[in-house]
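Participant: prediction below, plus the sequence it came from.
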Amino acid sequence: MKIGLITYCDIDGNNYGQILQGFATLKYLVNQGHDVSLLQVPYRFDNSIKTKVKAAILRILGRGKQNSDFLKWNENVIKESQLHPRYFSRFIKEHMNYREGKCSDFLLDGYDAYVSGSDQIWSWPNSLYMLGWAPNNKLKISIASSVGCGYYPLRKKIQAWRYLRHYDLITVREENGIELCRSIGIKNAYCVLDPVFLHDKDFYAQYETPVIQTSQYILLYLLPAPFDVELKDIIAFAKEQGLNVRYVESQGRNDSFIKEKEYPTIGEWLSLVKGAVYVITNSFHGTAFSIIYQKSFLALPLVGVHSNMNIRLNSLLSKMKLNDRVYAGDIGVIKKDIDWAESQSIISKNKKVVDSLVNSYLR
């Protein structure tokens, strides 16, 4: 079948998990024998003087703080991507059939089915990622789409129902996605793992790019959201274990405490995970790839206003029976052995469930 896949995939960004989950979904469908295009509607953030002035006025009036914070964050991401390019666009164009345009352009391509991918694309009801723009006489399915920490009041539930009722198959990444579907009368929704788990480490090895490894190390991979452990304590722990720290920051994070930082490509990032003795991260997909590569890891839960985002991490680790890998005051827990046989069994069963569900519609 000819399939149009839509999900988050910022070609100019530096969020490794975002790119890899879209890549994993596309490759999964291709391996099932389908002709798949990754569809992207360009998002050009309005960074004009007019927008900045408006944000300043709203801030003075005591409103618009969230928009102002987002503006600053987005500027930081753009600046970092320009200073330290990680060549995500090169990876996407080399390994994915990438189609950029408007929704009206995609309708002319003759797709037999449309797929909503994973990541937090359903954190609010929207026509783009809930396929409201796609014809209702075409197949519509979702593969591990995520509500994230999104809260849906009645008005938003009505909006979501208008879009999701036309889906032929809905699979979501977290249980709160199931709860949302049930609350709007959709009973047949299924909870599955993130699509990166549809492939094993041997698959990802094909896309690794070797990195220089002169000593054993802890991979520290951090996104900007705050967590409750000091970086100096992580550095001290590494020294106690006789390990170096290789630090990758992403999405506008800019720590001054650690001077030596790395800005790997997608392939280099995969190699860094593969070569690590331990992985410490506050990233959902950093945790996911630690599991895929069977690396002893420590997941740093988010704190403050960001703590509601932990639903993603908690859901994943609960399914994997790895709840004890969440930081709770002791970095040393990372040295505990992990029963990888159990997690691999869970991943294998999930793959069979996804195969059965998806192949019953996409033939």
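Facilitator: Perfect, thanks for sending it.
Participant: doesn't Arg99 belong to a strand?
Facilitator: Yes: according to DSSP: H, G, I helix; E, B strand; the rest coil, Arg99 belongs to a strand.
Participant: need the helices for the protein, in chain order.
Facilitator: In the chain, the helices defined using DSSP state H lie at 16-31, 49-60, 65-83, 88-95, 103-106, 154-164, 175-183, 201-205, 231-240, 266-275, 284-292, 310-319, 340-359.
Participant: can you say which of the ones you listed is packed in most?
Facilitator: helix 284-292 (a mean of 25; mean count of other CB atoms under 10 Å). Bear in mind the C-beta positions are built from the backbone N, C-alpha and C, glycine included.
Participant: returning to that earlier point: out of the helices of the chain, which gets nearest to Ile331?
Facilitator: helix 231-240 (4.6 Å; CB to CB).
Participant: now the helices of the chain as JSON lines including mean pLDDT and distance to Val211?
Facilitator: What follows is these, written out as JSON lines (pLDDT from 0 to 100; distance: least, CB to CB, whole Å):
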{"stretch": "helix 16-31", "mean pLDDT": "97", "distance to Val211": "14"}
{"stretch": "helix 49-60", "mean pLDDT": "51", "distance to Val211": "39"}
{"stretch": "helix 65-83", "mean pLDDT": "66", "distance to Val211": "20"}
{"stretch": "helix 88-95", "mean pLDDT": "94", "distance to Val211": "15"}
{"stretch": "helix 103-106", "mean pLDDT": "95", "distance to Val211": "37"}
{"stretch": "helix 154-164", "mean pLDDT": "96", "distance to Val211": "42"}
{"stretch": "helix 175-183", "mean pLDDT": "95", "distance to Val211": "36"}
{"stretch": "helix 201-205", "mean pLDDT": "98", "distance to Val211": "14"}
{"stretch": "helix 231-240", "mean pLDDT": "97", "distance to Val211": "18"}
{"stretch": "helix 266-275", "mean pLDDT": "98", "distance to Val211": "5"}
{"stretch": "helix 284-292", "mean pLDDT": "98", "distance to Val211": "15"}
{"stretch": "helix 310-319", "mean pLDDT": "94", "distance to Val211": "26"}
{"stretch": "helix 340-359", "mean pLDDT": "97", "distance to Val211": "24"}
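Participant: Gln251 is nearest to which of these?
Facilitator: Comparing the helices of the chain by their distance to Gln251 (CB to CB), the top pick is helix 65-83, with 6.1 Å.
Participant: coming back round to it: nearest to Trp133, of the helices of the chain?
Facilitator: That would be helix 103-106 among the helices of the chain, by CB to CB, at 4.1 Å.
Participant: on that earlier part again, turn the helices of the chain into TSV, columns for distance to Arg325.
Facilitator: Listed next are the helices of the chain as TSV, based on distance: least, CB to CB, whole Å:
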stretch	distance to Arg325
helix 16-31	17
helix 49-60	39
helix 65-83	28
helix 88-95	28
helix 103-106	40
helix 154-164	33
helix 175-183	19
helix 201-205	18
helix 231-240	15
helix 266-275	15
helix 284-292	8
helix 310-319	6
helix 340-359	11
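Participant: how close does the closest residue to Phe88 other than its chain neighbours sit to Val192?
Facilitator: Distance criterion CB to CB, 6 or more residues apart in numbering; nearest residue to Phe88, sequence neighbours excluded, is Ile19 at 5.6 Å. Noted for Ile19: a distance of 20 Å to Val192, by CB to CB, to the nearest Å.
Participant: with Ala24 instead?
Facilitator: For Ala24, the distance to Val192 - CB to CB - is 12 Å.
Participant: quick one: contacts for Leu231?
Facilitator: 255, 257-258 (CB atoms under 8 Å, 6 or more residues apart in numbering).
Participant: can you pull the contacts of the closest residue to Ile121 other than its chain neighbours?
Facilitator: Leaving aside its chain neighbours, Ile121 sits nearest to Tyr129 (3.8 Å; criterion: CB to CB, 6+ apart). Neighbouring residues of Tyr129 by CB under 8 Å, 6+ apart: 6-7, 116, 121-122, 145.
Participant: among those, which lie within strands?
Facilitator: 6, 116, 145 (DSSP state E).
Participant: Ser127 reaches Trp133, doesn't it?
Facilitator: Yes: assessed by CB atoms under 8 Å, Ser127 is found in contact with Trp133 at 5.6 Å.
Participant: neighbour-wise, which of the two wins?
Facilitator: Remark: of Ser127 and Trp133, Trp133 carries more neighbours, 16 against 13, as counted by other CB atoms under 10 Å.
Participant: give me the pLDDT value at the more buried one.
Facilitator: Per-residue pLDDT puts Trp133 at 97.
Participant: so who does it touch?
Facilitator: 103, 106-107, 127.
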